[in-house]
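Novice: Below: sequence and its predicted model.
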Amino acid sequence: MKSCERGRSMIEMLGVLAIVGILSVGGIAGYSKAMQKIKRDKVVTQLSMLVMNIRSGFLNQTDYSGLSNKLLIEAGMAPSDMFDAKEPASQAEFKHALGGNVSVFQSLNAEGKKRAFEVYLEGLTSDECVVLVTTDWGMDNASGFQALYVGAGEVEEALMEDVNIPAVSRPENG
């Protein structure tokens with residue numbers, strides 16, 4: 001009698017499943033990194049749009065008096081994907097693409113006048129902070145955009161108005 005085997009053995013099938021599992025884990029990790037990069041790029045785009053809109057909106061003003069998240073929403077200067085349009089402007093919070101808070105405040109320029117503004121970002125990893133801080137935002141005295149602070153700490157609004165020191169020396173910015 002002749003016996004004829006058809007199909008694969010159990011060991012061969014386990015080997016194939018192991019290879020498929022390894023490839024799947026690698027694919028998921030790659031996908032996760034790609035999605036994180038897309039979100040990080042979205043944060044850069046949101047921040048660029050916000051800074052450009054603030055500069056344009058205050059172009060004919062002598063200073064940035066009254067600059068706040070509420071004003072930016074009411075004046076249509078805030079990117080629409082950074083806040084919930086259903087909430088009143090007084091209660092709306094800015095959120096960047098990675099889910100952290102974004103706050104904008106007027107600040108003092110080198111001459112001590114309120115001709116500058118600062119942006120504070122929360123909820124970023126150290127890699128994301130490096131990307132944002134090393135981006136050229138055009139932060140010279142003429143641009144008005146004086147500082148970008150990134151970190152996990154919360155800072156009270158009262159502290160923001162007179163800030164004129166680099167982020168690295170501010171302990172509350174992490």
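Specialist: Nice, thanks for sending it over.
Novice: Look up how far E87 lies from the most centrally placed residue in the chain.
Specialist: Compute the mean C-alpha point of the chain, and by CA atoms, centre = their mean the closest residue is V43, 3.8 Å away. Using CB to CB, to the nearest Å, V43 is found at 21 Å from E87. C-beta: built from backbone N, CA, C; applies to glycine.
Novice: next one: A34
Specialist: In terms of CB to CB, A34 sits 32 Å off from E87.
Novice: Following element in sequence after the strand or helix carrying I54, please.
Specialist: Element membership of I54 [criterion: DSSP states H and E] is helix 10-57. As assigned by DSSP H and E, the chain's next helix or strand after helix 10-57 is helix 69-74.
Novice: tell me what the helix or strand following that next one is packed against?
Specialist: Next along the chain after helix 69-74, taking DSSP H and E as the criterion, comes strand 94-95. Counting contacts by 3 or more CB pairs under 8 Å, 6 or more residues apart in numbering; DSSP states H and E, strand 94-95 is packed against strand 101-107.
Novice: what lines up beside the strand it packs on in the sheet?
Specialist: Strands adjacent to strand 101-107 in the sheet, as given by DSSP bridges, are strand 94-95 (antiparallel), strand 116-122 (antiparallel).
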